[in-house]
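Student: With the input below, show me the fold.
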Amino acid sequence: QVQLVESGGGLVQPGGSLRLSCTASGIVFDRTTMGWYRQASGKQRELVATITSGGSTKYVDFVKGRFTISRENANDTVYLQMNSLRPEDTAVYYCNGVAGERRPIFASWGQGTQVTVSS
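Tutor: You can find the predicted model right below:
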């Protein structure tokens, strides 16, 4: 049974930082490309960053230079360090495995973690 548990969100002022964590179980984590998605209120969920099993990373343009994805295979955990946060980064953030360019692998999503950027 796949379980994805996200944490680390919160309320932060513009320009601030947060570090999100996602711990996975029920998957072969060290062979899975992982990604962080986000869903803002009233919008579709979108992929923001991915990291392969070998550590190669990709980012969408609007987070490049501000967000860093990393992983710790020993603990089945993927992280998202978010710096220089903007109000438009406000969303619920989720992790999932990623197939192809952006397709989530697992049908079962975690509860997500809310990130709110506001002064």
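
Student: centroid residue for the protein?
Tutor: By Cα atoms, centre = their mean, the mean C-alpha position of the chain lies nearest to Trp36, the distance being 2.4 Å.

Student: Would you mark the buried spots in the helix or strand containing that one?
Tutor: Under the criterion of DSSP states H and E, Trp36 resides in strand 34-39. Across strand 34-39, burial judged by 16 or more other Cβ atoms under 10 Å covers 34-38. Just so you know, the C-beta spots here come from the backbone N, C-alpha and C atoms, and that holds for glycine as well.

Student: what's the helix or strand just after it in contact with?
Tutor: Note on strand 34-39: by DSSP H and E, the next helix or strand toward the C-terminus is strand 46-51. Contact partners of strand 46-51, identified using Cβ atoms under 8 Å, 6 or more residues apart in numbering, comprise 33-39, 57-60, 62-63, 67, 69-71, 78, 80, 98, 102.

Student: I would like a ChimeraX command selecting only the buried ones among the residues you listed, please.
Tutor: Command for ChimeraX that selects the buried part of those, burial taken from 16+ other Cβ under 10 Å:
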select :33,34,35,36,37,38,58,59,63,67,69,71,78,80,98
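
Student: follow-up on the earlier one: which residues does the residue nearest to the centre of the chain contact?
Tutor: Counted by Cβ under 8 Å, 6+ apart, Trp36 has contacts 20, 22, 47-50, 67, 69, 78, 80, 93-95.

Student: would JSON lines of those residues with distance to Thr116 and pLDDT be doable?
Tutor: Shown next, in JSON lines, are these (distance: Cβ to Cβ, whole Å; pLDDT from 0 to 100):
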{"residue": "Leu20", "distance to Thr116": "13", "pLDDT": "98"}
{"residue": "Cys22", "distance to Thr116": "18", "pLDDT": "98"}
{"residue": "Leu47", "distance to Thr116": "20", "pLDDT": "97"}
{"residue": "Val48", "distance to Thr116": "16", "pLDDT": "97"}
{"residue": "Ala49", "distance to Thr116": "19", "pLDDT": "98"}
{"residue": "Thr50", "distance to Thr116": "24", "pLDDT": "98"}
{"residue": "Phe67", "distance to Thr116": "16", "pLDDT": "98"}
{"residue": "Ile69", "distance to Thr116": "21", "pLDDT": "98"}
{"residue": "Val78", "distance to Thr116": "21", "pLDDT": "98"}
{"residue": "Leu80", "distance to Thr116": "15", "pLDDT": "98"}
{"residue": "Tyr93", "distance to Thr116": "11", "pLDDT": "98"}
{"residue": "Tyr94", "distance to Thr116": "15", "pLDDT": "98"}
{"residue": "Cys95", "distance to Thr116": "18", "pLDDT": "98"}
